[in-house]
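S.K.: Sequence first, predicted coordinates after that:
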Amino acid sequence: MDLPKRYIADIRLGAATDTQDESGRILKTGSWANVDREAVEAALKSFTGKRFQTPPMYSALKHKGTPLYMLARRGEKVDRNPRQVDTYSITLLDFKPPVVRIEVYCARGLYLRVLAEEIGDALAVPAHLGTLVRMRIGHFTLDEAVPDGEFDKLIEADSPGYTLAEAVGHFPAVTLSEEQSRGLSRGMIPKLLPGSHAALPGQGALLRLQRPDGTLGAIAEMGLAGLVHLRRVFRES
């Protein structure tokens, strides 16, 4: 969940809704006739980088143990503290009024439905989020995804997807020696001495311990003085 994400989103100009997306009740309307491509591109620039954004009522965040969306459905509204978000880039893909199609590359925590309304405010036009597709999270992409109706076919596939080592490819890798790999299989915790491996992550960071053949031996947490804490150990294939 902490990995960066890439979305393609359609923002519909001309109407704001109570859910900030197209499923909601229209609260107000306004003309987008004076909005041109140059104005949209200028507005998008102001939403990149680190800034604060107020989470929407229609979200899974909780207030006194109750999800906000449940309160919203009951017609209740509570104060929400703004949270820092980080948007690496926003690219205008298409502008066919009243639809603005953008690609957003961001860190965890950004609400696209709020961004849609914010962009509308910057253009002085009510707006809401239309369609939204997550194209990528970390190194996992939509192009490599398997439709849920085809899961059974994976059993017979020659290459059914990511290996365990590839699936946790966002963690720094440390390749164990043959001796360390054998010891890991017997429950021995390897010690990663400085200089014996490539640059090691700092204390508390997760890393993947790979066996000499490239398979995943364990997921570990970096400790002090080359010591690691094993979080998950995997059998040799």
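M.R.: In hand now; what should we look at? Values in this document were obtained by computation on a predicted structure and should not be read as measured data. Residues are numbered from 1 along each chain as shown.
S.K.: How about residues contacting whichever strand in the chain runs longest?
M.R.: In the chain, assigned by DSSP state E, the strand with the most residues is strand 83-96. Under the contact criterion Cβ atoms under 8 Å, 6 or more residues apart in numbering, strand 83-96 has outside partners 4, 8, 37, 40-41, 44-45, 47-55, 100-107, 109-111, 115. For every residue, glycine as well, the C-beta is placed using N, CA and C.
S.K.: and the residues you listed, which are buried?
M.R.: 8, 40, 44, 47, 53, 55, 100-102, 104-106, 110-111, 115 (16 or more other Cβ atoms under 10 Å).
S.K.: Tell me the spacing between the residue lying farthest from the centre of the chain and residue 211.
M.R.: Distance from the C-alpha centroid of the chain, by Cα atoms, centre = their mean, peaks at residue 179 (37.5 Å). Per Cβ to Cβ, to the nearest Å, residue 179 is found 12 Å from residue 211.
S.K.: Relative to residue 104, how far out is residue 24?
M.R.: 20 Å.
S.K.: circling back: could you list the buried residues of the longest strand of the chain?
M.R.: So, applying 16+ other Cβ under 10 Å, buried residues of strand 83-96: 85, 87, 90, 95.
S.K.: How far off centre is the one helix or strand the residue farthest from the centre of the chain maps to?
M.R.: Residue 179 is part of helix 178-185 when elements are defined by DSSP states H and E. Remark: helix 178-185 is offset 35 Å from the chain centroid, using Cα atoms, centre = their mean, to the nearest Å.
S.K.: Which positions in that helix come out as buried?
M.R.: Residues of helix 178-185 classed as buried by neighbour count (16+ other Cβ under 10 Å): 180, 181, 184.
S.K.: what comes up buried for stretch 137-145?
M.R.: Neighbour-count burial for stretch 137-145 [16+ other Cβ under 10 Å]: 137, 140.
S.K.: let's number from 27 now, not from 1
M.R.: Yep, numbering from 27; the last one is stretch 163-171 now.
S.K.: Next, the angle strand 109-122 makes with the helix ranked longest in the chain.
M.R.: Ranked by residue count, the top helix of the chain under DSSP state H comes out as helix 138-148. Orientation check (axes from the mean of the first three to the mean of the last three Cα atoms, to 10 degrees): helix 138-148 against strand 109-122 gives 70 degrees.
S.K.: Name the residues that touch helix 138-148?
M.R.: Outside helix 138-148, the residues that reach it (Cβ under 8 Å, 6+ apart) are 33, 35, 37-39, 42, 45-47, 66, 69-70, 72-73, 79-82, 84, 113, 126, 130, 152-156, 158.
S.K.: In this protein, mark out all the strands, start to finish.
M.R.: For the chain, the strands defined by DSSP E occupy 31-39, 41-43, 52-55, 75-79, 88-89, 92-93, 109-122, 125-132, 153-163, 166-167, 199-201, 232-236, 242-248, 254-259.
S.K.: ok so, going back, ok, now which ones touch the residue farthest from the centre of the chain?
M.R.: Contact analysis of residue 205 by Cβ under 8 Å, 6+ apart lists nothing.
S.K.: Please report how far it lies from residue 238.
M.R.: 10 Å.
S.K.: which stretches of this structure have low pLDDT?
M.R.: The chain contains residues with pLDDT under 70 at 219-225, 263.
S.K.: What residue spans form the domains of this protein?
M.R.: 31-166, 189-259 (automatic domain parsing).
S.K.: mind checking which of the ones you listed is nearest residue 173?
M.R.: domain 31-166 (14.2 Å; Cβ to Cβ).
S.K.: what about the closest one, start to end distance?
M.R.: Domain 31-166 has an end-to-end distance of 9 Å (Cα to Cα, to the nearest Å).
S.K.: and if you look at stretch 66-76?
M.R.: 20 Å.
S.K.: which residues touch that stretch?
M.R.: Residues outside stretch 66-76 that contact it (Cβ under 8 Å, 6+ apart) are 110-116, 118, 121, 126, 128, 141, 144-145, 148-149.
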